[in-house]
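S.K.: okay, sequence plus prediction incoming.
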Amino acid sequence: MTADQIVFWVFAPVSIVSALLMLAQRNAVHAALFLIVNLFTLAVFFLLLDAPFLFAVQIIVYAGAIMVLFLFVIMLLGVDREEQLVEHLKGQRPLAVLLGAGLVAEIVVAVRAGIGFAERVPEGFGVVNEGGNPKALSEVLFRDYFLPFEVTSVLLIVAAVSAMVLAQRRARPVTRAEREAGVGGGRP
Amino acid sequence: MSTPIASFVVLSGILFAIGTAGVLVRRNALVIFMSVELQLNAVNLALVAFSRMHNELDGQILAFFSMVVAAAEVVVGLAIIVSVYRRRGTADVDAMSELRW
Amino acid sequence: MIDLVWLVPALPLAGAVVTLFAGKRLGKTAGWLASALVACAFVVATGVLLDLVALPAEDRTRVVHLFDWIRVRIFAANVDLLVDPLSVTMILVVTGVGTLIHVYAIGYMEGDPRFGRFFAYLNLFVSFMLLLVLADNYLLLYVGWEGVGLCSYLLIGFWFERPAAASAAKKAFVTTRIGDTAMLVGIALIFVRFGTLDFGSVLHGAGPVLAPVIPEGTATAISLLLLAGAIGKSAQVPLHVWLPDAMEGPTPVSALIHAATMVTAGVYLVVRSHVLFEASEVALVVVLIVGLVTALYAGISAIGQDDIKRVLAYSTISQVGFMFFAAGMKAYAAAIFLLVTHAFYKALMFLSAGAVMHGLADEADLKRMGGLRRAMPVTATAFSIGALALAGVPPFAGFFSKDQIVAEASRSQGVGVWALALVAAFLSALYIARLVFLAFAGERRSATEPHESPPVMIVPLGLLAVGAALSGAALGLTVDGGLARFLEPVVGAVLGAPGGLSEAALAIVSVVLALSAVAFAWIVWGSGKVDWLALRAGPWNSLQRFMNRGMYVDDAYAAVVEKPGKAAGRGLRTFDERVLDGAVNGLGALVRSLAAAGRRIQTGVVRSYAAAFLLGAVAILVYVGVRL
């Protein structure tokens, strides 16, 4: 058993279990936390797969920024709200299990038909990562994928602007009566 | 590395399936959204695995872009959820069923 | 002048077009214009006659080719006009009597809001009638045939605001349509057999020896089909029902169309096609029977009529029946003779009846007339002349014409037929005498003060009276008198069959019959000694009603044809509404119910939607996986 195998077989179950637990939590904050665990395990996998840059980016951006954003919103919307357990739609849960199992079966079959279970990674990845993974990535990114890069930067700006617009409170002057009743809806 | 690539791909599939089940089963909009994030991450894993397999960096670039887009998507999606919550007072997706027959 | 014969139908046609478009602006001039054009046509016709007579007797047939009309591979028909003694006789009658009636109508229709249009229709009718009798082929004849039918419809229903008039016009058109359709089949059969419709080829192809050339069955079929058309147009039994109702139209219309011209078109057709009829064994017998039965039927029904115009209508039916009777006995010249004289005295009587109605503020019921001879002496005299002519009292026209027919019957038919013909002659004298006495004799029963009509109406009456009085003597004192000899090239020589009583004896019998009928009528209706009103209300009531309702033939048609027809119409309408519309609407309802069921899939719950398309996605993946 080589090191990477050990790491893999330790973190893989963690990943799966944390995902399942995220699914099962009534409390949204707990679910978010379990997702963060899952993201960490994925970062480790990236490392295993000779993608150190992505390992770092996963932790910093995904777990560090996106999940934090999630937690902010959860807390904004009422962290103490628990979801009901009762399922109103008939057959939704069995269907979900079925479809999930179906998907897994699909993947297994596809993999077996495609690359096969025995295939090991080829050796020469070091050549690709010449000069360090970030350097190699940047060369590919800013040369071959320059246009998508620029487009995604525009996308991020658009997203930021739209978030500001969407989350804006519709300001309406608070009447004297509302203020005295303690109801505030507009400007403070 | 001696772990077969297929393991990573199967793991990615399992995570994706869990994410799918989460979308179907949960009623809280935020948790559904988190399940979608899980799905995206599973896909990223598969991308990087295949990138390693083919000895190219294209998969990693693609995973990178996927993350960027996911970030943007989260921003907008959460803004929508916030504004819907402000309107409705709830984040339960089952409560928002006006577009019915 | 023969080459200008096309002017004869063209002048009234032009008049029709002008008055149709400029009628309103012309005002009363429209009437004078129309009459003038018909008068010009009469003058041209006279010129044609003179030219024709100048030719030798055997050679009096000319075809004037106007233009090529139809030319397809197997069929050709041209607009050709045939000038021969028969057609010239007809056009003289039509234009002559037509002119007088046009002039009369100027006075009769005065003040009518559609004055111009009336004369347009009248001119159009005359034009079509002339085309009918001048045609040299069956197709052109049929064009004229249909044209007069159309104008008859337009003119009967001229006062179409009155439902009775509109209904009568429709009845006339539909009833004659039945005959016209049969006639069209007959014409088609002619074409099938002869390959052409020209009179020259069909009727004179093999001359009088046509009989062995065409097979008897075909000749019978053609003749009977043409006869059906004649029966419809000439209002013979059983298609006579439209003529009494057609009296809803203005009186000049009744005079022109339903006395002098259109109803005689059938007689003209039979006489013109007599070669075909003679080639068949039964056709002429059928013609004879139809004519005789009609003459008797109409004579009986005429006695029971109370409307002055309806008496004349039934009289027309009866007299035309006489013409057919004559044609059935191969006495074609006699039939045409009666046609000419009938045109004079029947038109005269119709116009006089119109004058009577005009003077009594449109009263037409005989029960409310009486004693009019004092108030309208001229009209009374004119009418009486016409009545005497019809009754067959010498020396008026009817005596000569009708007498010839009865005489022929005695000569060539059995005693039974002759006896029936005598009965019919007796009846005609009876009903017309009744009419005269009820209207003009006795004491006044009318509510309004009657007055004489204006000169524009009286003068034509006078001229027609002269014609009715003298035409008989002028045209044919004897069986082979002037008209008969004139028509000989067309209809063949008059066959003088041996046997029967002598000429003088026959004449005496006719006169005695006529006078006894007049006497009987005087006693019952004229003298005032018999309370005929009470009699018909009392013991003779059913007979009176039987005669009045035309032996209930109309009612029989209503029960047999009209009611089932209407029921079928209602049935079809129900079928259309329930089945056809039901199917279409049902289809719509079906789609709607399917849609209503289908839209329940839109629950609005996002998770259901997600489950649905995830299911689909997995299914597709499975399918692709299995395939690979």
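M.R.: Here it is on my side, so go on. Numbers count the residues shown, from 1 in each chain, chains lettered A, B, ... in the order given.

S.K.: with adjacent residues omitted, what lies nearest to the residue most central in space within chain A?
M.R.: The C-alpha lying nearest the average C-alpha coordinate of chain A belongs to A:Tyr62 (CA atoms, centre = their mean; 6.1 Å). In space, and not counting its chain neighbours, A:Tyr62 is closest to A:Leu39: 5.2 Å by CB to CB, 6 or more residues apart in numbering or on different chains. Where C-beta positions appear, they are placed from N, C-alpha and C, glycine not excepted.

S.K.: where does the one you found land on pLDDT?
M.R.: Per-residue pLDDT puts A:Leu39 at 96.

S.K.: what does chain A put close to chain C?
M.R.: Within reach of chain C by CB under 8 Å from any CB of the partner chain, chain A has these residues: A:Leu89, A:Gln92, A:Leu95, A:Ala96, A:Leu99, A:Gly102, A:Leu103, A:Glu106, A:Val109, A:Ala110, A:Ala113.

S.K.: circling back: and the residue nearest to the centre of chain A, that's in a helix?
M.R.: Yes: assessed with DSSP: H, G, I helix; E, B strand; the rest coil, A:Tyr62 lies in a helix.

S.K.: so it sits against A:Asn38, correct?
M.R.: No: in this structure A:Tyr62 lies outside contact range of A:Asn38 using CB atoms under 8 Å: 10.1 Å.

S.K.: for chain B, which residue gets nearest to chain A?
M.R.: Closest approach between chain B and chain A, counting by CB to the nearest CB: B:Gly13, at 3.1 Å.

S.K.: check which residues of stretch C:215-227 are buried.
M.R.: For stretch C:215-227, burial by neighbour count (16 or more other CB atoms under 10 Å in any protein chain shown) applies to C:Thr218, C:Ala219, C:Thr220, C:Ala221, C:Ile222, C:Ser223, C:Leu224, C:Leu225, C:Leu226, C:Leu227.

S.K.: contacts for that stretch?
M.R.: For stretch C:215-227, contacts defined as CB atoms under 8 Å, 6 or more residues apart in numbering or on different chains pick out C:182-183, C:185-187, C:189-190, C:193, C:211, C:269-270, C:273, C:276-277, C:279-283, C:286-287, C:290.

S.K.: return the alpha-carbon coordinates of it using CSV.
M.R.: The C-alpha trace of stretch C:215-227 is given here as CSV (Å, rounded to 0.1, in the frame of the first residue of the first chain):
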residue,chain,number,x,y,z
PRO,C,215,-85.4,4.2,-83.8
GLU,C,216,-88.8,4.4,-82.3
GLY,C,217,-87.7,4.1,-78.8
THR,C,218,-85.4,7.1,-79.0
ALA,C,219,-88.0,9.2,-80.8
THR,C,220,-90.5,8.4,-78.0
ALA,C,221,-88.0,9.2,-75.3
ILE,C,222,-87.0,12.5,-76.9
SER,C,223,-90.5,13.5,-77.6
LEU,C,224,-91.8,12.7,-74.2
LEU,C,225,-88.9,14.6,-72.5
LEU,C,226,-89.5,17.7,-74.7
LEU,C,227,-93.2,17.3,-74.0
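
S.K.: count of residues packed around C:Leu66?
M.R.: Applying other CB atoms under 10 Å in any protein chain shown, we find 14 other residues in the vicinity of C:Leu66.

S.K.: direction included, what does the helix or strand harbouring it pair against?
M.R.: Taking DSSP states H and E as the definition, C:Leu66 sits inside strand C:62-71. Paired neighbours of strand C:62-71 in the sheet (DSSP bridges): strand C:76-83 (antiparallel).

S.K.: could you give the mean pLDDT of the strand it pairs with?
M.R.: Computed over strand C:76-83, the average pLDDT equals 88.

S.K.: likewise stretch C:547-554?
M.R.: Mean predicted confidence for stretch C:547-554 is 80.

S.K.: same question for stretch C:235-253.
M.R.: Average pLDDT, stretch C:235-253: 89.

S.K.: could you do stretch A:107-117 as well?
M.R.: The pLDDT scores in stretch A:107-117 average 83.

S.K.: which other residues reach the host helix or strand of C:Ala534?
M.R.: Using DSSP H and E, C:Ala534 maps to helix C:532-537. Contact with helix C:532-537 is made by C:Lys367, C:Val524, C:Trp525, C:Gln544, as judged by CB under 8 Å, 6+ apart.
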